[in-house]
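*Asks:* pasted the sequence and its predicted model underneath.
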Amino acid sequence: MIRRRFAHSWDVMPREAVAIQKTLTEHIELSWHGDKITRVGGVDLSYARSSKEGYAAIVVMSVPEFEEIDATCIRCPITFPYVSGLLSFREAPAVLRAWETLHIKPQLLYVDGQGVAHPRGLGLAAHLGLLLEIPSIGCAKTRLVGDEYMVGPAKGEWAPLRYKGNTVGATVRTRAGVRPLYVSPGHRIDLKRSVEWVLSACERYRLPEPVRRAHMMANRYRAASEPLSA
């Protein structure tokens, strides 16, 4: 069940969304609570060709085995416009609807998006983690904010990502010779453990396995739902 402590309206204008972000950011916790984690989830969303609908997928896996134990994908309207820095208002409602359909809920969430490496410290991973009140990690393929430092070519090497004088994430090499990921804590976790959790889930691929599975699932559902072009 989604916690209601930080619930807010999603039917807002961009200016209102920015104000909501600034309020919610004050409640983000960047510390590890020492929870024993046996189930993790990966989140991704794929857009229909029209971009008016989205396919939100969540895959739940056991740890340390990283075996799939539950998964869901829903199709729903996307009503909020694309505005840089407000991705969570576009995608989070669909993810939260998908969350409610899971039979087994994860205890930690990997999100294809930003955590606190965000202009107002509330990317999609941070927003979801706060609303669900679970540890969450942003695993972004592109950088939104911050000064990027060179990171070594070997798997496991990483460098801090700094923004306005603060370390907000890390550039992490999750696979040797492959472009790095931009990892940032979302909620109820620190940067060191965020990097550790991401690396533990990247045995063979660039993306953490739960996110990779969610990405494939969302794309598969989209492909099955949309007719081929004439």
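*Replies:* Perfect, I can see it now. If you're wondering where the values come from, they're calculated on a predicted model, not measured in any experiment.

*Asks:* pLDDT below threshold where in this structure?
*Replies:* By pLDDT under 70, the weakly predicted segments of the chain are 1-4, 227-230.

*Asks:* give me that answer again for 50
*Replies:* Along the chain, segments meeting pLDDT under 50 span 228-230.

*Asks:* ok, longest helix in it?
*Replies:* helix 209-225 (DSSP state H).

*Asks:* tell me the buried residues in that helix?
*Replies:* 209-215, 217-218, 221-222 (16 or more other CB atoms under 10 Å). All C-beta spots, glycine's among them, are computed from the backbone N, C-alpha and C.

*Asks:* try stretch 73-90
*Replies:* 73-75, 78, 80, 85-90.

*Asks:* on that earlier part again, just how off-centre is the longest helix of the chain within its chain?
*Replies:* Mean-position distance between helix 209-225 and its chain equals 15 Å (CA atoms, centre = their mean, to the nearest Å).

*Asks:* what helices or strands is it leaning on?
*Replies:* Contacts defined by 3 or more CB pairs under 8 Å, 6 or more residues apart in numbering; DSSP states H and E place helix 209-225 against strand 39-47, strand 53-62, strand 68-77, strand 108-111.

*Asks:* packing partners of the shortest one?
*Replies:* Translated: strand 108-111. strand 39-47, helix 124-132, strand 136-140, helix 191-200, helix 209-225.

*Asks:* want to throw these into a markdown table with distance to Val18?
*Replies:* Shown next, in a markdown table, are those (distance: least, CB to CB, whole Å):
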| stretch | distance to Val18 |
| --- | --- |
| strand 39-47 | 21 |
| helix 124-132 | 13 |
| strand 136-140 | 19 |
| helix 191-200 | 25 |
| helix 209-225 | 27 |
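
*Asks:* how about these, which one is nearest Arg162?
*Replies:* helix 191-200 (11.3 Å; CB to CB).

*Asks:* run the angle between that closest one and strand 39-47 for me.
*Replies:* Angle of helix 191-200 versus strand 39-47, following axes from the mean of the first three to the mean of the last three CA atoms, to 10 degrees, is 80 degrees.

*Asks:* any buried residues in helix 191-200, and which?
*Replies:* So helix 191-200, judged by 16+ other CB under 10 Å, has buried residues 191, 193-195, 197-199.

*Asks:* stretch 175-182 too?
*Replies:* 175, 180-182.

*Asks:* show residues contacting stretch 97-107.
*Replies:* 1-2, 35, 37-41, 56-58, 60-61, 69-70, 72-74, 76, 132, 134-135, 210 (CB atoms under 8 Å, 6 or more residues apart in numbering).

*Asks:* surely Met61 touches Arg39?
*Replies:* Yes: when contacts are counted by CB atoms under 8 Å, Met61 is listed as touching Arg39 (7.2 Å).

*Asks:* name the residues contacting each of those two.
*Replies:* Joint contacts of Met61 and Arg39 (CB under 8 Å, 6+ apart) are 69, 106.

*Asks:* which among the contacts of stretch 97-107 count as buried?
*Replies:* 39-41, 56-58, 60-61, 70, 72-74, 132, 134-135, 210.

*Asks:* which of these sits closest to Val116?
*Replies:* Taking the buried ones among the contacts of stretch 97-107 together and measuring to Val116 by CB to CB, the closest member is Pro135, at 12.9 Å.

*Asks:* relative to Pro180, how far out is the closest one?
*Replies:* Going from Pro135 to Pro180 by CB to CB, to the nearest Å gives 22 Å.

*Asks:* cheers, nothing more for now.
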